[in-house]
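Colleague: have a look; sequence and predicted model below, questions after that.
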Amino acid sequence: MKVCIGTNNMAKVNAVKNCLGNDKHMEYAMFNVSSGVSDQPFSDEETIKGAINRAKAALLEGEGEIGIGLEGGVHHTNDILFLNNWGALVLKDGTTFIASGARIPLPKEIETELVAGKELGPVMDEYAQKENVRHNEGAIGIFTSGRINRTSMFKHVVELLIGQMEFHQINK
Ligand SMILES: O=P(O)(O)OP(=O)(O)OP(=O)(O)OC[C@H]1O[C@@H](n2cnc3c(O)ncnc32)[C@H](O)[C@@H]1O
Ligand SMILES: [Mg+2]
């Protein structure tokens, strides 16, 4: 089965591979496709759209059986800025599944930077005094002391996507 992934971000790619495994029937192809939304999505709606756009574009480019898009964003609820993450899985016939990841509040100092127009990736590097947080543990890893990292969080999202696809295939 050829799985087309709409990113080269290793935290995301590893999440897909950790979920689906590496046996000889699995083939992965990565495509640096556009999300079609802003670099820093600021709502669930925009983040979902980014995930779906990535999945569709990757499937189109890779001509596989499954397209997967994973997108990170933030949104305000109850005056708190939450980290949100969404995934989309698209089949060749256009059937689309979506699922979200765990969400946690971001500190006010991070919120201030994002509201001023900065992207979370560089803001997290500055905050943690590290390089490439977004390709590694992610903001969720930093703010949960490493208990959940960006890969394990997105792996859960991919499990939710694959599980919905399996349910659909069994019940259609
Ligand atoms: O190469 P792509 O797939 O685009 O990966 P990305 O790290 O840019 O991830 P997204 O576009 O999905 O995320 C949107 C923005 O939020 C940042 N971001 C999202 N989640 C993050 C996290 O857990 N840690 C650090 N930055 C994060 C990211 O760097 C972008 O600036
Ligand atoms: Mg990005």
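Modeller: Good, I have the coordinates. Just so it is clear, the model here is predicted, and its values are computed rather than measured. Residues are numbered from 1 along each chain as shown. Ligands and ions are numbered 1, 2, ... in the order given.

Colleague: now the biggest helix by length in the chain: buried residues?
Modeller: Ordering each helix of the chain by length in residues (DSSP state H) puts helix 150-171 first. Neighbour-count burial for helix 150-171, counted by 16 or more other C-beta atoms under 10 Å, picks out 150-162, 164-165. (Each C-beta comes from the backbone N, C-alpha and C, glycine too.)

Colleague: which of those sits closest to ligand 1?
Modeller: Proximity to ligand 1 was ranked across the buried residues of helix 150-171 by C-beta to the nearest ligand atom; first place goes to R150, at 4.8 Å.

Colleague: surely the closest one and N136 touch.
Modeller: Yes. Counting by C-beta atoms under 8 Å, R150 does reach N136; the two are 7.1 Å apart.

Colleague: what sits in contact with each of these two?
Modeller: Common neighbours of R150 and N136 (criterion: C-beta atoms under 8 Å, 6 or more residues apart in numbering): A11.

Colleague: hmm, back to that, the longest helix of the chain packs against which elements?
Modeller: On a contact count with 3 or more C-beta pairs under 8 Å, 6 or more residues apart in numbering; DSSP states H and E, helix 150-171 meets helix 10-20, strand 66-77, strand 80-91, strand 96-100, helix 138-143.

Colleague: now the third one - C-alpha only, CSV.
Modeller: Written as CSV, here are the backbone C-alpha positions of strand 80-91 (Å, rounded to 0.1, in the frame of the first residue of the first chain):
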residue,chain,number,x,y,z
ILE,A,80,-7.0,30.6,26.3
LEU,A,81,-4.8,30.0,23.3
PHE,A,82,-4.8,26.2,22.7
LEU,A,83,-2.4,24.2,20.6
ASN,A,84,-4.4,22.2,18.2
ASN,A,85,-3.4,19.6,15.7
TRP,A,86,-5.5,18.0,13.0
GLY,A,87,-5.0,15.1,10.6
ALA,A,88,-6.8,14.1,7.4
LEU,A,89,-6.8,10.9,5.4
VAL,A,90,-8.1,10.9,1.8
LEU,A,91,-8.9,7.9,-0.3
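
Colleague: could you check the angle strand 96-100 makes with that strand?
Modeller: Orientation check (axes from the mean of the first three to the mean of the last three C-alpha atoms, to 10 degrees): strand 80-91 against strand 96-100 gives 150 degrees.

Colleague: mind listing what's buried in strand 80-91?
Modeller: Neighbour-count burial for strand 80-91 flags 81-91 (criterion: 16+ other C-beta under 10 Å).
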